[in-house]
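> curious how this folds, go ahead:
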Amino acid sequence: MANTASYSAVISSRAQKEITAAWAWYEDRQQGLGDRFVKELTGRIHKIEQTPNRYPTRYKSYKEAPVPVFPYLVIYRLSGTKNIVWIVSVFHTSLNPKKKYK
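Modelled structure (predicted):
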């Protein structure tokens, strides 16, 4: 039987800084675009909380979920015993992929 308990997301300080920087960058380009980015990101995080195993494991225990419309990945790990999704990074896909998990 599948585990139907939902998870809660905990966003790391690194991910919070990345989100803030992305929001500011998009807002500088077009007013409201940063808000749209945050809306898409929040929607993806809610989907991760509902079905965290939906997205593939890419490196060790890290999973990656794309943010719709924007070139970002939500990098996260699961804590199965506590039903927590640890969001470690909101990673821009044009950056060096070796830096995703550091």
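> how much space between Ile75 and Tyr55?
Separation of Ile75 from Tyr55 (Cβ to Cβ, to the nearest Å) stands at 10 Å. Placement of C-beta: from N, CA and C, glycine included.
> hey, what's in contact with both of the two?
63-64 (Cβ atoms under 8 Å, 6 or more residues apart in numbering).
> of those two, which one has the most company?
Per other Cβ atoms under 10 Å, whichever of Ile75 and Tyr55 has more neighbours is Ile75, with 23 against 17.
> for that one, give the beta-bridge partners.
For Ile75, the beta-bridge partners are Glu64, Ser89 (DSSP bridges).
> show me the contacts for it.
Counting by Cβ under 8 Å, 6+ apart, Ile75 touches 62-64, 87-91, 100-101.
> redo those as CSV? Include pLDDT and neighbour count.
As requested, the contacts of Ile75 are exported to CSV (pLDDT from 0 to 100; neighbours: other Cβ atoms under 10 Å):
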residue, pLDDT, neighbour count
Tyr62, 92, 17
Lys63, 94, 20
Glu64, 95, 17
Ile87, 96, 23
Val88, 95, 19
Ser89, 95, 24
Val90, 96, 27
Phe91, 95, 21
Lys100, 73, 17
Tyr101, 69, 14
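> just give me the closest of those to Asp28.
Among the contacts of Ile75, Val90 lies closest to Asp28 (Cβ to Cβ), at 17.6 Å.
> now the closest one: how far from Ser61?
Distance of Val90 to Ser61, given as Cβ to Cβ: 18 Å.
> any idea which residue sits dead centre in the chain?
Val74 (2.4 Å; Cα atoms, centre = their mean).
> wait, doesn't that residue sit right on Val88?
No. In this structure, Val74 is not within contact of Val88 by Cβ atoms under 8 Å, at 9.1 Å.
> low-confidence ranges, the protein, go.
Where the chain drops to pLDDT under 70, the residues are 1-5, 101-102.
> those strands in the protein, which residues are they?
For the chain, strands defined by DSSP state E occupy the ranges 8-11, 57-59, 62-66, 72-79, 84-92.
> turn these into TSV, including distance to Arg36.
Output for those, formatted as TSV (distance: least, Cβ to Cβ, whole Å):
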stretch	distance to Arg36
strand 8-11	19
strand 57-59	26
strand 62-66	16
strand 72-79	12
strand 84-92	15
